[in-house]
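Student: Sequence isn't available, so here's the structure alone:
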């Protein structure tokens, strides 16, 4: 992990940047266009959106207007709960691609398992088809717990390449991370900064002062040293730049452990077992 373009290799050989921009709750229109452009200008090559975010068109516009060749970018979007199922996922994918204005996608994720629906296996079959058809370079899931993954692994033809979950020092999900490693599934963090909820944390401030970095930079560096892909969200160009300024230092093992010990299994997002929004 030498710089912003450093990548991890997924189990199918595709290279995915360790670091990217998330655009959850970034408004469609100029806000998302400017954020994505600022990130690409700062050297980011990975952009993560979702159908439910309502800003795929803006992401597509920013990509089209950037000076970086499409093949150098890694674009992720996700199928929403209401579109789960085989045929409906195929339709949702086409809709997302139309909005993004892309010929192919780098990573497509099932946004939530939604156990009550019990459709994620059918949805996964649709992702496998799109992958085999060459429309997507990698496929994965989001917010899957161990038992959802075990269930999917029993029947899937192609195992997920990525599991994107809520992950930060208050929610380290150690056993899930271990399970993903054992099964060659790359863990990816959403809400790595706990939506700003960790900025006053004394231990993190102490460590930040020691390394002469911000609390955000310490957390994001902790993600990377734990081999977790991370996609912090920001709409401010200076913050987008600052978040990425984490490749010139290394956190000691002792301090890594101090950060990990802040875990309280505390979520800011929904528990995947309870998520039933459509």
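Tutor: Great, that's in hand. In this text, all values refer to a predicted model and were calculated from it rather than measured experimentally.

Student: any idea how far residue 222 is from the most far-flung residue of the chain relative to its centre?
Tutor: Distance from the C-alpha centroid of the chain, by C-alpha atoms, centre = their mean, peaks at residue 210 (28.6 Å). From residue 210 across to residue 222, the span is 13 Å (C-beta to C-beta, to the nearest Å). Where you see a C-beta, it was placed from the backbone N, CA and C, and this is true even at glycine.

Student: before we move on, back to that, once you drop chain neighbours, what's closest to the residue farthest from the centre of the chain?
Tutor: Nearest residue to residue 210 in three dimensions, chain neighbours excluded: residue 255, at 7.4 Å (C-beta to C-beta, 6 or more residues apart in numbering).

Student: Quick one: residues contacting residue 244.
Tutor: Applying C-beta atoms under 8 Å, 6 or more residues apart in numbering to residue 244 gives the contacts 4, 19, 42-44.

Student: just the strands in the stretch 1-150 of the chain please.
Tutor: Secondary structure of the stretch 1-150 of the chain (DSSP state E, counting those that start in this stretch): strands at 7-9, 15-17, 21-22, 46-48, 74-79, 105-110, 136-142.

Student: Including distance to residue 272 and mean pLDDT, could the ones you listed go into JSON lines?
Tutor: As requested, the strands of the stretch 1-150 of the chain are exported to JSON lines (distance: least, C-beta to C-beta, whole Å; pLDDT from 0 to 100):
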{"stretch": "strand 7-9", "distance to residue 272": "23", "mean pLDDT": "98"}
{"stretch": "strand 15-17", "distance to residue 272": "22", "mean pLDDT": "98"}
{"stretch": "strand 21-22", "distance to residue 272": "18", "mean pLDDT": "98"}
{"stretch": "strand 46-48", "distance to residue 272": "18", "mean pLDDT": "98"}
{"stretch": "strand 74-79", "distance to residue 272": "14", "mean pLDDT": "98"}
{"stretch": "strand 105-110", "distance to residue 272": "11", "mean pLDDT": "98"}
{"stretch": "strand 136-142", "distance to residue 272": "9", "mean pLDDT": "98"}
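
Student: And those strands: which comes nearest residue 228?
Tutor: Each of these has some distance to residue 228 by C-beta to C-beta; the shortest is strand 7-9, at 9.6 Å.

Student: Out of the contacts of residue 244, who's the most crowded?
Tutor: Counting neighbours by other C-beta atoms under 10 Å, residue 19 leads the contacts of residue 244 with 26 neighbours.

Student: so that one touches residue 240, yeah?
Tutor: No. In this structure residue 19 lies outside contact range of residue 240 using C-beta atoms under 8 Å: 11.1 Å.

Student: Find residues that contact each of those two.
Tutor: Overlap of the contact sets of residue 19 and residue 240 (by C-beta under 8 Å, 6+ apart) consists of residue 44.

Student: one step back: the strands of the stretch 1-150 of the chain: which one's closest to residue 205?
Tutor: Comparing those under C-beta to C-beta, the one sitting nearest is strand 21-22, at 23.8 Å.

Student: Longest helix in this structure, please.
Tutor: helix 86-100 (DSSP state H).

Student: Number of residues surrounding residue 201?
Tutor: Neighbours of residue 201 (other C-beta under 10 Å): 19.

Student: Tell me the span between the first and last residue of stretch 158-173.
Tutor: 24 Å (C-alpha to C-alpha, to the nearest Å).

Student: hang on, the earlier thing: find me the pLDDT at the residue nearest to residue 210, would you?
Tutor: Residue 255 is assigned a pLDDT of 98 by the prediction.

Student: distance of residue 150 from residue 276?
Tutor: For residue 150 relative to residue 276 (C-beta to C-beta), the value is 21 Å.
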